[in-house]
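*Asks:* structure, please.
(one chain, ligands or ions: 1)
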Amino acid sequence: MPHVIDFQAPTSDVRIYGNHLKHHKTVGELAMGKAKKEVKKERVINVAIVGANGVGKSRWAGTFHGTYPGYYNQWSDHRSLPRQSVEVDGEVWHVEMHDLVLKPLWEAERDISIEYWDSMLTQVHGVILLYDITDRKSYDSVTKADYPTILSFRERPPLDERSVPEANPMDEELRLGRFRRFGGLLVGNKHDLVKERPLKREVSKSLAQEWASMHGMKHFEGNTFEQKWLISIVRDLIGQIMKAELRDKEDLEQRDRYEAALKPDETSATHKPNGLNRLSTLSRSFLKMRNALPRVPLKNKETAPVAQPIEEKSQWSMFLSSNQPPAATN
Ligand SMILES: Nc1nc2c(ncn2[C@@H]2O[C@H](COP(=O)(O)OP(=O)(O)OP(=O)(O)O)[C@@H](O)[C@H]2O)c(=O)[nH]1
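*Replies:* Coordinates of the predicted model:
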């Protein structure tokens, strides 16, 4: 699995969907007149902007990509989506923003293409949960329906494995593509409206902040007017993506160590798990120590003390065994 820490050399073309989404490439730019080669790390990532109709997703994506108020329609051709470059710590991240309405999914509409959603929701690196702060329903739907829907797609096995029950659920594809953590942000849009008329606010900031921190996310409020601000939000999201991938990497390494410990050792005649062989050094030194101790002969059966049965007494016996009152002490 590609990780942020471990950038790979370019291999193939960067297509839109599939694991190659996470493709990293390294480009070297030979600065004119300079002997030193300046290397910049680049990466293409996909971000989903999710929310109810009318919260401002298209405008958010359009302003972020610098195409608003031009035509922006993600349904027409995914391959023509623009990429916005965001620099974080000297690394360039080319971000593709996909504006998604998940309502047809959680309402289980019949004519939706599950393959599309499956590839989309399992492959995105980051998610912006967008709501309109003047519309409580939009907040409820993004937190109570959209977010759980995304999680449900990330957690289930790939479509092709669902039809093959005996497939190993932990194969390479699954290790890399599924169960991946993602970066997430909760963003309240149309803040300009409450600035002018505070009574229009339907979602309190503290409520949204609390929800976000409960789900390990950051929360922001703003509007879609300024590209600079939207880029700064995405920069934050990239930070979350990096953290998520680091945690995934740690999980995989831990699981690899665990699996390696359980693998049979080919050099040994008896197929002891590697873990036991590793332990054997420890157990050998323990045996050495034990053998070095002075030997105490074991008592045979006759000389060994015989355990005496404990006389069973009622818990009240101390009061009942004698009718004599305790002798007075002078
Ligand atoms: N006041 C204000 N209006 C906004 C803001 N962002 C978007 N809008 C307006 O909200 C309306 C809906 O915006 P869209 O970007 O089409 O919303 P959407 O979420 O893509 O809606 P659907 O395409 O129906 O899913 C438009 O009239 C936008 O101009 C904002 O930050 N402030």
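*Asks:* if I've got this straight, residue 68 is in a strand?
*Replies:* No - under the criterion used here (DSSP: H, G, I helix; E, B strand; the rest coil), residue 68 is coil, not part of a strand.
*Asks:* residue 57 is in contact with that one, correct?
*Replies:* No - with contact defined as Cβ atoms under 8 Å, residue 68 does not reach residue 57; the gap is 11.5 Å. C-beta here means a position set from N, CA and C on the backbone, and glycine is covered the same way.
*Asks:* more neighbours, these two?
*Replies:* residue 57 (25 against 17; other Cβ atoms under 10 Å).
*Asks:* apart from its neighbours in sequence, what residue is nearest that one?
*Replies:* residue 99 (4.2 Å; Cβ to Cβ, 6 or more residues apart in numbering).
*Asks:* can you tell me the helix or strand for residue 252?
*Replies:* helix 227-262 (DSSP states H and E).
*Asks:* that helix and the ligand, any residue contact?
*Replies:* No - between helix 227-262 and the ligand, judged by Cβ under 6 Å from any ligand atom, nothing touches; the nearest distance is 10.1 Å.
*Asks:* separation between the residue nearest to residue 47 when sequence neighbours are not counted and residue 93?
*Replies:* Nearest in space to residue 47, with sequence neighbours left out and distances taken as Cβ to Cβ, 6+ apart, is residue 126 at 4.5 Å. In this view, residue 126 and residue 93 are 10 Å apart by Cβ to Cβ, to the nearest Å.
*Asks:* touching both of those two, which residues are there?
*Replies:* Residues touching both residue 126 and residue 93 (Cβ atoms under 8 Å, 6 or more residues apart in numbering): 45, 238.
*Asks:* let me know how buried the residue nearest to residue 229 when sequence neighbours are not counted is, in neighbour terms.
*Replies:* What sits nearest to residue 229 in space, not counting adjacent residues and going by Cβ to Cβ, 6+ apart, is residue 222, at 5.7 Å. Neighbour count of residue 222, defined by other Cβ under 10 Å: 18.
*Asks:* so where's the protein uncertain?
*Replies:* 1-39, 70-81, 108-111, 156-179, 264-330 (pLDDT under 70).
*Asks:* what about the helices in it?
*Replies:* Here the chain has its helices, by DSSP state H, at 57-65, 103-106, 114-123, 136-141, 147-155, 159-162, 172-177, 191-196, 205-214, 227-262, 274-292, 317-320.
*Asks:* just checking, residue 209 touches residue 219?
*Replies:* Yes - with contact defined as Cβ under 8 Å, residue 209 reaches residue 219; the gap is 4.7 Å.
*Asks:* what lines up beside the strand of greatest length in the chain in the sheet?
*Replies:* Using DSSP state E to define each element, the chain has its longest strand at strand 37-50. Sheet partners assigned to strand 37-50 using DSSP bridges are listed as strand 24-30 (antiparallel), strand 91-100 (parallel), strand 126-132 (parallel).
*Asks:* how about these in a markdown table, adding mean neighbour count and distance to the ligand?
*Replies:* Formatted as a markdown table, the strands paired with strand 37-50 follow (neighbours: other Cβ atoms under 10 Å; distance: least, Cβ to the nearest ligand atom, whole Å):
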| stretch | mean neighbour count | distance to the ligand |
| --- | --- | --- |
| strand 24-30 | 13 | 30 |
| strand 91-100 | 20 | 6 |
| strand 126-132 | 26 | 7 |
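*Asks:* out of those strands, the one nearest residue 252 is which?
*Replies:* strand 24-30 (16.6 Å; Cβ to Cβ).
*Asks:* please work out how many residues are found near the residue in the stretch 101-250 of the chain that the ligand sits nearest to.
*Replies:* Distance from the ligand to each residue of the stretch 101-250 of the chain (Cβ to the nearest ligand atom) is smallest for residue 223, at 3.1 Å. Other residues near residue 223 come to 19 when the count uses other Cβ under 10 Å.
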